[in-house]
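*Asks:* One predicted model, sequence on top.
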Amino acid sequence: MAIFKPGISQARAAAIERLLSTMLLLMLLLPTALGADDALFQTSTINALMMGDFYGSMSLKELKSHGDFGLGTLDRLDGELVGLDGEFYQVKSDGNVYPVNDTATTPFAEVAFFKAEDNISLNGTYNLTQIESYLDSKRPTRNIFYAIRIDGIFEYVKTRVPEAQREPYPRLTEALGTQKIFQFNNTTGTVIGFWWPSYAEGINVPGYHLHFITGNRSAGGHLLDIRLHRATVAIDELTELDMALPNDKAFYQADLSEDQQAAVRKAESNPK
Ligand code: ZN
């Protein structure tokens, strides 16, 4: 016993130590986690991107500190950014998906720590307009922000990906003249996106802005059209907005006073 006892108390001491350090860690993490829970973070503004400010101004490392879920683009408008479960992917105009490292930069992105209030099963065939009307019916108010995640099986998906641009950068609508269109049939995947109220005009895209990535993370892009077969829809209500503005010449000199609404709608929607 004399040999055994100290072994037990040592184990207990170790257990208590582990418990204390876990508690300390939780105490340190909790305020950040609570603060960030319902916050939507974005860097730069949609109008700056519309005017051709494609200069990466925030590192992915910093962006990821504000959320584990989101979308945007990368320096030089080099593809579409998709963030899901803490992993960030770059869908390039060659159609392939690349992991994004922390030193990569983004000119425009929005992220949140995704935590769904609601998980809803959706069965049946829904096109994009029908999915959007369905999501509309689930929104308790039009005056806050929403993060939306749809995991499922899709009969059809149509995406677009812009090509990387060269300086001097053109306006976004012109840059999208060479965007690549991708179409997929019968694929699993995830739709990632946000809904912004109309008063967000100039800052972000009012209404829905959705990106897509396949289940095997091999393809995706900015969502133009979709036909859903079976899915789980998760919605996260966001009631805080945190914005970071680029501290550089391109942003400081961009004319952000122009009304870009018609151009934003054209840039974001399915080209007919
Ligand atoms: Zn997009």
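*Replies:* Great, that's in hand. Numbers count the residues shown, from 1 in each chain.

*Asks:* Tell me the secondary structure of Pro246, please.
*Replies:* Classification of Pro246 using DSSP: H, G, I helix; E, B strand; the rest coil returns coil.

*Asks:* quick one: contacts for it?
*Replies:* When contacts are counted by Cβ atoms under 8 Å, 6 or more residues apart in numbering, Pro246 touches 43-44, 48, 53, 55, 57-58, 107. C-beta coordinates here come from the backbone N, C-alpha and C atoms, glycine included.

*Asks:* try it again with 10 Å
*Replies:* With contact taken as Cβ atoms under 10 Å, 6 or more residues apart in numbering, Pro246 is in contact with 43-45, 48, 53, 55-58, 107-108, 252, 254.

*Asks:* wait, which of those residues is closest to Ser21?
*Replies:* Distance to Ser21 across the contacts of Pro246 (Cβ to Cβ) is lowest for Met58, with 32.7 Å.

*Asks:* Show me the contacts of Pro246 that map onto strands.
*Replies:* For the contacts of Pro246, membership in strands holds for 43, 58, with DSSP state E as the criterion.

*Asks:* Identify the residue spatially nearest to the spatially most central residue of the chain, adjacent ones excluded.
*Replies:* Among the residues of the chain, Gly70 comes closest to the average C-alpha position under Cα atoms, centre = their mean, at 1.3 Å. Using Cβ to Cβ, 6 or more residues apart in numbering and skipping residues adjacent in sequence, the residue nearest Gly70 is Val111, 3.2 Å away.

*Asks:* Quick check: the gap between the one you found and Glu117.
*Replies:* Relative to Glu117, Val111 is positioned 18 Å away (criterion: Cβ to Cβ, to the nearest Å).

*Asks:* Likewise for Asn96?
*Replies:* 34 Å.

*Asks:* about what we covered before: residues contacting the residue nearest to the centre of the chain?
*Replies:* When contacts are counted by Cβ under 10 Å, 6+ apart, Gly70 touches 40-42, 63-64, 81-84, 88, 106, 109-114, 147, 192-194, 211.

*Asks:* pLDDT at it, what is it?
*Replies:* With respect to pLDDT, Gly70 has a value of 98.

*Asks:* cool, and Ile8?
*Replies:* Note for Ile8: predicted pLDDT of 53.

*Asks:* Next up, the contacts around Ala109.
*Replies:* Counting by Cβ under 10 Å, 6+ apart, Ala109 touches 41-44, 49, 56, 58, 60, 63, 66-67, 70-74, 81, 83, 88, 244.

*Asks:* In helices only, show me those residues.
*Replies:* Assigned to helices by DSSP state H, the following of these qualify: 49, 60, 63.

*Asks:* TSV for those residues, including neighbour count?
*Replies:* Listed next are the ones in helices among the contacts of Ala109 as TSV, based on neighbours: other Cβ atoms under 10 Å:
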residue	neighbour count
Leu49	25
Leu60	22
Leu63	26
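
*Asks:* Now those residues in TSV, please, with extra columns for distance to Phe182 and pLDDT.
*Replies:* TSV is the format used below for the ones in helices among the contacts of Ala109 (distance: Cβ to Cβ, whole Å; pLDDT from 0 to 100):
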residue	distance to Phe182	pLDDT
Leu49	21	97
Leu60	23	98
Leu63	24	98
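
*Asks:* can you give me the helices in the stretch 1-150 of the chain?
*Replies:* For the stretch 1-150 of the chain, the helices defined by DSSP state H, counting those that start in this stretch cover 4-36, 46-50, 60-64, 128-138.

*Asks:* Out of these, name the one with the poorest average pLDDT.
*Replies:* The weakest mean pLDDT among the helices of the stretch 1-150 of the chain belongs to helix 4-36, with a mean of 58.

*Asks:* still on that earlier bit, buried ones only from the contacts of Gly70, please, as a PyMOL command.
*Replies:* If you want just the buried ones from the contacts of Gly70 in PyMOL, going by 16 or more other Cβ atoms under 10 Å, the selection is:
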select buried, resi 40+41+42+63+64+81+82+83+84+88+106+109+110+111+112+113+114+147+192+193+194+211
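
*Asks:* Which strand residues bridge Leu228?
*Replies:* When bridges are called by DSSP bridges, Leu228 pairs up with Tyr126, Phe154.

*Asks:* Could you verify my assumption that it touches Glu132?
*Replies:* No: using Cβ atoms under 10 Å, Leu228 makes no contact with Glu132, being 11.4 Å away.
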